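A.B. asks: give me coordinates for this.
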Amino acid sequence: MMTKSKVKCWEVFKCNKLECPAFHSKNLNCWLFTGTHCRNEIQGKFIDKVEMCINCEVFVKNMDSGAMAETCGIFNEQIKEYRRIVDERDRELENMSMELALAMSEVFEALKKISSGDPSVRITEKSDIDLISRLKHMINLTAREIGEIVDQSHEFAISLAEYFDVLHKVSKGDLSARVTGISSIELLESLKDVTNKTIISIDREISERKSAVRQLQKIEALKSSILRTIPHAVVGLTKQKIFFANEGLKKVFGWNPEEVIGRSPEILCRSTKDYQKICRQIHSAIDKSKFFTGEFLLRRKDGRDIVCMISASPIENKTKNNRIVLVYEDITERKQAEKELKNSREQLRCLSAYLHSAIEQERKFIAREMHDELGQLFTVLNIDLAWLERKIRTNHKPIRMKIESMKEMVESGIKTIQKVSTELRPGLLDHLGLTAAIEWHTKEILKNKSIKYNLELNISDELFIDKDISTAIYRIYQEALTNIIRHSDATLVNISLKKDLENIVLEVTDNGRGITREQIENAKSYGLTGIRERVYLLGGTLKISGKPGKGTTLKVRIPLTKKIEGYSACRKRIINYVNNNI
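C.D. replies: Model prediction:
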C-alpha cells in the first residue's frame, strides 16, 4: 500500500505571505491555524473557514488519521466555545428584556406626571442599555425644559407687575422709585435697565434745573469764600480800576482790600514806568493766548520791594469788556532760596573740580613715586640676585632654584608696579599726548576681551591741548569704555576723537543692549554723573543716547578756545568760601 505524500500549502499556492502563522510553524496542517492569509485575506478559526478548507487540495492531500483526530478535537473545542457564547447571549437578552420592561414602566410613569403638570419629576439615567439611558435622559431633559418655561412665565408675570407699579409711582412724582428685581431672563434685565435709566435721566434733568437755581444763589458766597482762602493777592480790574480784592492783598502788599477799591493797580508797582511795562506785557499776552504769567519787582505799602509772580486772565474769557483778574504770588523767599541753592550747587561743582584735580595730582605723584622709587629698588634687588647667583657654586642646586624663584618674583613685582602706576596715571598722557594714551588704553583693556574696536584719532600730536582738558577727556573715555565692558554685552566699539572747528569731539559707540532713559537719569549712576561734571566744568556738552538692542552712543564736545573756569579758579573759590564762613 503506497503512502500518500503530503504537501506544503505555501508551495502549492505559491504563497509569499511570510507573516502567515502556518508558514512560520512549518506545520502542514494549515487549516488548524487561526489567522492564516489564504485568498489574500486573514482567516479566522477552523469552524469559520471549514467550508473553504475541506475543499482545499492541501487538506485532502495532508489529511490522515492523526490529522483527522486533531482536527475533530479542535472542531469539538470550537463548537463548545460557540455554545458557551450562545448561552451567554441568551442570558444577556433575557436580562435586557427585564430591564427594558422596568425602564419603560418608569418612563411612562414619568411622562404621566409631566403631563399632569409636575415638571419637577426626575428618573435615574443609569442603565446598562445605552438606548434606555438615552431615553431616560430625554425624559429628564424634557421635564427640565418644561420647568424652565413655567418658571419663566411666573417670572415674567411678577416682573411686569413690578414695572407697572414703579411707573405708577413715577407718574405720581416719586422719582426715587426703581425696578430692583433680579431676573435670569435677559429680556427682563434689559427692560429693567432701560426703565431705570429713563427714570434716572428724568430725575437728573429735574434735579439739575433745581440745582442751577441754588448754584446761582450760592455763587457770590462761594466766590467770597474762595478769595478768602487763597493765600495770594487776587485783584479784579475793570477799565484799569480795582473793583474787588481779597484778604490776601494785605498779606502780600500790606493794603486792606477796601483801601484799593476804585484805585489803579499802579499803587502796587515801584513806578509809573514799571506799571506801564507790566500792562503792555499782560494785555499783549492775553490778546494772544488768553493767559499771562510773569515775574516782576513790585512794592509793598511799607515801601519794601518784593518779587511777585503775576498771573492774569480775562473774566468771562473776553477782553473787550476790559475785565481782568490778577493773582499776585509773593515769591521773594523762593527766589532767595533758589539763589542760595544755585550758589551751593556752584560751590559743590567747584569742590568736585578741585577734588578731581587733587586726585589726578595724587595719582600722578603716587605713579611717579612707584615707578621711580619702587622700580629702582626692585631693579637693584634684581641685580643683587644676579650677582649672588654668580657667586654660588654650581652644585648648590636648591639655592640656585630659590634664587631663580626670587628673580621671577622680582620681575613680576616690576611688571605689577608698571601696571599700577600706568593705571593711576598713564605716562603716555603726559609725554606723548591724548591720542597715544587713548590708543594704548583701548588696546590694553580690550586685548583679552571678545570685543572688536575701530579707532579714528584725527588730532595731530602737535595740537596743543590744555592738560586739564586732556586729562578730563581721557578719564571720560576711560569711564565710557569701562561701562561698555561691564554692562553693554557689545561685540564692537567705534571710537572717534577729532577737532570740530574750535572744539575737540569724543564719540564712543557700541552695538550692545542700549542704555535706557531711566539709566541715563538715574541719580545712582555715579560714573555718568562724574562724566557730566567734568564736561560741565570745561564748558562742554554731553549727549548720551541708546536704542534697545542697537547700542549706545556717547558724544562729548569740549571747547578749546572758550574761556572757562579751570580747576585752579575753583580751588581759589573754595579756599575763599572756607575762609569767609569758618
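A.B. asks: helices and strands of this structure: which one bottoms out on pLDDT?
C.D. replies: In the chain, no helix or strand scores lower on mean pLDDT, DSSP states H and E than helix 567-581, which sits at a mean of 54.
A.B. asks: so which other helices or strands are in contact with the host helix or strand of Val60?
C.D. replies: Using DSSP states H and E, Val60 maps to helix 57-62. When contacts are defined as 3 or more Cβ pairs under 8 Å, 6 or more residues apart in numbering; DSSP states H and E, helix 57-62 packs onto helix 9-12. (C-beta placed from N, C-alpha, C; glycine too.)
A.B. asks: and the longest helix for this structure?
C.D. replies: Criterion DSSP state H: the longest helix present in the chain is helix 65-115.
A.B. asks: how far does whichever helix or strand comes after that one sit from the chain's center?
C.D. replies: Downstream of helix 65-115, the next assigned helix or strand under DSSP H and E is helix 130-171. Distance, stretch centre to chain centre, for helix 130-171: 50 Å (Cα atoms, centre = their mean, to the nearest Å).
A.B. asks: now the helix or strand just after helix 130-171, how far from the chain's geometric center?
C.D. replies: For helix 130-171, the succeeding helix or strand toward the C-terminus, using DSSP H and E, is helix 186-229. In terms of Cα atoms, centre = their mean, the centre of helix 186-229 is set 42 Å apart from its chain centre.
A.B. asks: again, but for stretch 273-292
C.D. replies: That offset, for stretch 273-292, works out to 47 Å (Cα atoms, centre = their mean).
A.B. asks: name the residues of that stretch that are buried.
C.D. replies: For stretch 273-292, the neighbour count (16 or more other Cβ atoms under 10 Å) marks Asp274, Tyr275, Ile278, Cys279, Ile282, His283, Ala285, Ile286, Phe292 as buried.
A.B. asks: can you tell me the helix or strand for Ile544?
C.D. replies: Here Ile544 is assigned to strand 541-547, by DSSP H and E.
A.B. asks: ok, residues contacting stretch 63-75?
C.D. replies: The contact list for stretch 63-75 (Cβ atoms under 8 Å, 6 or more residues apart in numbering) reads Lys4, Asn29, Trp31, Leu32, Phe46, Ile47, Val50.
A.B. asks: doesn't Val475 belong to a helix?
C.D. replies: Careful, residue 475 is Arg; it's not Val. Yes - counting by DSSP: H, G, I helix; E, B strand; the rest coil, Arg475 falls inside a helix.
A.B. asks: still on that earlier bit, sheet partners, orientation included, of the strand holding Ile544?
C.D. replies: strand 551-559 (antiparallel) (DSSP bridges).
A.B. asks: ok, and what's touching the partner strand?
C.D. replies: The contact list for strand 551-559 (Cβ under 8 Å, 6+ apart) reads 469, 472-473, 476, 480, 484, 488, 490, 500, 502-515, 531, 535, 538-546.
A.B. asks: narrow those residues to those in helices?
C.D. replies: Ile469, Ala472, Ile473, Ile476, Ala480, Ile531, Val535.
A.B. asks: closest to Trp10 out of these?
C.D. replies: Nearest to Trp10 out of those is Ala480 (Cβ to Cβ; 86.9 Å).
A.B. asks: OK, contacts around that closest one?
C.D. replies: Ala480 makes contact with Val508, Ile531, Leu554, according to Cβ under 8 Å, 6+ apart.
A.B. asks: ok, it to Lys547 distance?
C.D. replies: The gap separating Ala480 from Lys547 is 17 Å, by Cβ to Cβ, to the nearest Å.
A.B. asks: swap in Ile495?
C.D. replies: Ile495 is 19 Å from Lys547, where distance means Cβ to Cβ.
A.B. asks: of these two, which one has the most company?
C.D. replies: For Ile495 versus Lys547, the count of surrounding residues by other Cβ atoms under 10 Å is larger for Ile495: 20 against 12.
A.B. asks: regarding that one, what is its secondary structure?
C.D. replies: Taking three-state DSSP as the rule, one finds Ile495 in the strand state.
A.B. asks: who touches it in this structure?
C.D. replies: Shown in contact with Ile495 (Cβ under 8 Å, 6+ apart): Ile438, Thr442, Tyr453, Asn454, Leu455, Glu456, Leu457, Tyr477, Glu507, Val508.
A.B. asks: so what's the third one up against?
C.D. replies: Taking Cβ under 8 Å, 6+ apart as the definition of contact, the neighbours of Tyr453 are Thr442, Leu446, Leu492, Val493, Asn494, Ile495.
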